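Undergrad: below is the sequence, then the predicted model.
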Amino acid sequence: MSTPATPSAQPSVPLKETKAQRSERLKIETNPWEAFEEIRKFARDGRDSVLPEWAGFFFKWWGIYTQGDGVGVTGGKGGEGKATEYFMMRIGIPNGIATAEQLRFIGVLARDHGRNLADITTRQAIQLHWLTIESLPTAIEAMQTVGLSPKGACGDVVRNVTGCPVAGLDGHELIDASPLANAVARELKGNPEFYNLPRKFKITVTGCPVWCSHPEINDIALTAVRRGDEIGYSVRVGGGLSADPHLAVKLDAFVREEHAVAVVRGIVEIFREQQGLRESRDRARMKHLFLREGWTADRFLEVLKTKLSFDLATGVDDSVPDNVFRDHVGVHAQKQQGLYSVGATVLNGRMTGEQLIALADIAEKYAGAEVRTTVMQNFVLPHVPQANLDTVLKELSALGLTVEATNFWRGTVACTGTEFCKLAITETKAFARWLVEEMESRLPGFDQQLKLHVTGCPNSCGQHWIADVGLEGKKIKHDGKLADAWSFALGGALGTYAGVARIVNYRCLSEDVPEALERLLRSYLTTRGSEQNLRSWFSEHSNEELRAVLESGVLTPAQDPAFSL
């Protein structure tokens, strides 16, 4: 009798990879920093040769993104818009300090290869657009000749290390922290030990008394503090915005300057080791240890101590600043006798390559051959002799750059928007400029410092969660078509009134924003207490009351507080 044949095993069907699983697999397979030859090959073979994993992922490690088609997320699928043949590139500038030579290089690159367009970002970097695949390797290699690199400006790595743009100049600072910021950048930027983090990682180091680099929203923030006769740093961890805003948590530690790089490295190592954060790209930032995994400041500090070969002293109280703009705009005397820093506002951070070149010329001819960018998308021109001040102000004005800006102009920040970003829902840069012009005409002389932040999607690159008035891009049906609209988030702040802005369940078309904002600010002006600032006024009123003001200008509770976006 024959033995029945054994049924053959059925081939297993592979499970579909999640976005996070794919990302983790790709990072294990390739360190993009060690594969620059691939970029050279793409440049030789043309745009169609670019592999999908490079276009959508690996390029980011080199500060490069594919550029959207101007429609944004609604023109694509799977939560991402369509890419064009062009690229965007961010160039990191540690502590925002660039030489005139470096700035001129960026300006020439923008003028000759980026359609004369450049944006200062909220991390003191400069972003270019319209770059072709053929220009990328040449641009990257040429940058190295002037000490610049886009390496690490994007990707699951330590991003550009930020700091105070008047570090070493301001007589009120506790310490010039820019050497430490640069030391941290040298330790971590482009370091192959840290090419594979769960997600992006943001660090700031500052001795600035007004915390101008926004330490509250960084993954690591070192802020100078005095402990007896010694100056060191307080350390905060886990700050971040996006869809889950979270202000950084202060650890009970005093960090001596000579230990600071080791402390920062230890914290990044802790982040790198968190396998749980690698399970979802949407929950992969260090803040999610606190938001979702139950970590506390005490637990984090205990883990950190295991990474260090030295003891940390207990922390001391910080002097939390109440300044709103934190931007160093205006003319300010430096601690160097006879020299001044000139802070100019750049609406939305948008400049031309020709303006950057001209600014570099001004810096060389009339100042100290240096230009510093800020996280408010502006710049500071340091080391201006008193005898040259009037000339510098006139030269800047001739370039369309203003030092004496209105509160609307000065406090406005905008992300890239649908003009170039594939994740954006709405256009931002032109809208923000139009909105500022509208508000200046409606409320001339508005006397309150106002942070007006415009972000084109929930990712909050425009940082609407920390704005007095944050506008988040939406789409709504109007006349049978999808139109740009905005959801209002009010009362966000850092410093004394630190807190995340509140969604007040009011949204409107772009064309209706100025009228709604005018109603809100006029209500503040007519009902505020003596010398009451806008942040305090917001804190006194409920979401329903603020929504009612936006709708009608009347400070009474809205009839439908359950309205949901």
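TA: Great, that's in hand.
Undergrad: where do the strands of the stretch 251-400 of the chain begin and end?
TA: 330-333, 339-344, 350-351, 370-373, 379-385 (DSSP state E, counting those that start in this stretch).
Undergrad: so for residue 109, which of the ones you listed sits nearest?
TA: For the strands of the stretch 251-400 of the chain, the distance to residue 109 is smallest for strand 350-351, at 12.8 Å, taking C-beta to C-beta. All C-beta spots, glycine's among them, are computed from the backbone N, C-alpha and C.
Undergrad: outside of that closest one, which residues touch it?
TA: 117-120, 429 (C-beta atoms under 8 Å, 6 or more residues apart in numbering).
Undergrad: can I get these in JSON lines with secondary structure and neighbour count?
TA: Below are the contacts of strand 350-351 laid out as JSON lines (DSSP: H, G, I helix; E, B strand; the rest coil; neighbours: other C-beta atoms under 10 Å):
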{"residue": "117", "secondary structure": "coil", "neighbour count": "17"}
{"residue": "118", "secondary structure": "strand", "neighbour count": "25"}
{"residue": "119", "secondary structure": "strand", "neighbour count": "25"}
{"residue": "120", "secondary structure": "strand", "neighbour count": "24"}
{"residue": "429", "secondary structure": "helix", "neighbour count": "21"}
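Undergrad: can you give me the buried ones in the helix or strand of the chain with the lowest mean pLDDT?
TA: One helix or strand of the chain scores below all others by mean pLDDT, DSSP states H and E: helix 534-539, with a mean of 93. Buried residues in helix 534-539, counting neighbours by 16 or more other C-beta atoms under 10 Å, are found at 534-535, 537-538.
Undergrad: so what touches that helix?
TA: 324, 448-450, 468, 490-491, 493, 496-497, 524, 527-529, 546.
Undergrad: recalculate using a threshold of 6 Å.
TA: Residues from elsewhere that reach helix 534-539, judged by C-beta atoms under 6 Å, 6 or more residues apart in numbering: 448, 468, 490-491, 493, 497, 524, 528.
Undergrad: check stretch 513-528 too.
TA: For stretch 513-528, with C-beta under 6 Å, 6+ apart as the criterion, the contacting residues are 438, 442-443, 486, 508, 537, 549-550, 553, 555.
Undergrad: ranking these by neighbours, who comes first?
TA: When neighbours are taken as other C-beta atoms under 10 Å, the top entry among the contacts of stretch 513-528 is residue 486 (27 neighbours).
Undergrad: and residue 446, what does it touch?
TA: Residue 446 neighbours (C-beta under 6 Å, 6+ apart): residue 407.
Undergrad: a strand runs through it, doesn't it?
TA: No: read with DSSP: H, G, I helix; E, B strand; the rest coil, residue 446 is coil and lies in no strand.
Undergrad: dump the contacts of strand 350-351 to TSV, plus pLDDT.
TA: Shown next, in TSV, are the contacts of strand 350-351 (pLDDT from 0 to 100):
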residue	pLDDT
117	98
118	98
119	98
120	98
429	98
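Undergrad: ok, those vs residue 90, which is closest?
TA: Nearest to residue 90 among the contacts of strand 350-351, with distances taken as C-beta to C-beta, is residue 119, at 9.1 Å.
Undergrad: dihedrals phi and psi, the most centrally placed residue in the chain?
TA: Centroid-nearest residue in the chain: residue 122, 3.6 Å away (criterion: C-alpha atoms, centre = their mean). Main-chain dihedrals, residue 122, degrees, to the nearest 10: phi -80, psi 10.
Undergrad: now swap in the one 3 residues further on and tell me
TA: As for residue 125, its main-chain torsions (degrees, to the nearest 10) stand at phi -90, psi 170.
Undergrad: residues contacting it?
TA: Residue 125 neighbours (C-beta under 6 Å, 6+ apart): 90-93, 153, 160.
Undergrad: what pairs with the closest residue to residue 215 other than its chain neighbours across the strands?
TA: Computed as C-beta to C-beta, 6 or more residues apart in numbering, the closest residue to residue 215 that is not its neighbour in sequence is residue 221, at 3.2 Å. Beta-bridge partners for residue 221, by DSSP bridges, are residue 204, residue 236.
Undergrad: burial measure for residue 221, as a count.
TA: 26.
Undergrad: so how far is residue 248 from it?
TA: 6 Å (C-beta to C-beta, to the nearest Å).
Undergrad: who touches both of the two?
TA: residue 236.
Undergrad: residue 151 - nearest residue in space that isn't next to it in sequence?
TA: residue 190 (4.7 Å).
Undergrad: hang on, the one you found in a strand?
TA: No: read with three-state DSSP, residue 190 is coil and lies in no strand.
Undergrad: I'd say it and residue 153 touch.
TA: No: using C-beta atoms under 6 Å, residue 190 is not in contact with residue 153, being 10.5 Å away.
Undergrad: which residue ranges form the helices in the stretch 301-450 of the chain?
TA: 353-366, 389-398, 407-410, 429-442 (DSSP state H, counting those that start in this stretch).
Undergrad: tell me which of those helices sits nearest to residue 16.
TA: helix 429-442 (37.3 Å).
Undergrad: could you export the closest one as CSV, CA atoms only?
TA: Only the C-alpha atoms of helix 429-442 are listed here, as CSV (Å, rounded to 0.1, in the frame of the first residue of the first chain):
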residue,chain,number,x,y,z
LYS,A,429,3.8,82.6,2.6
ALA,A,430,1.8,84.9,0.4
PHE,A,431,-1.2,84.5,2.7
ALA,A,432,0.8,85.6,5.7
ARG,A,433,2.2,88.7,3.9
TRP,A,434,-1.3,89.7,2.7
LEU,A,435,-2.7,89.2,6.3
VAL,A,436,0.0,91.4,7.8
GLU,A,437,-0.7,94.1,5.3
GLU,A,438,-4.4,93.8,6.0
MET,A,439,-3.9,94.0,9.8
GLU,A,440,-1.5,97.0,9.5
SER,A,441,-4.2,98.9,7.7
ARG,A,442,-7.1,97.8,10.0
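Undergrad: nice, that's everything, thank you.
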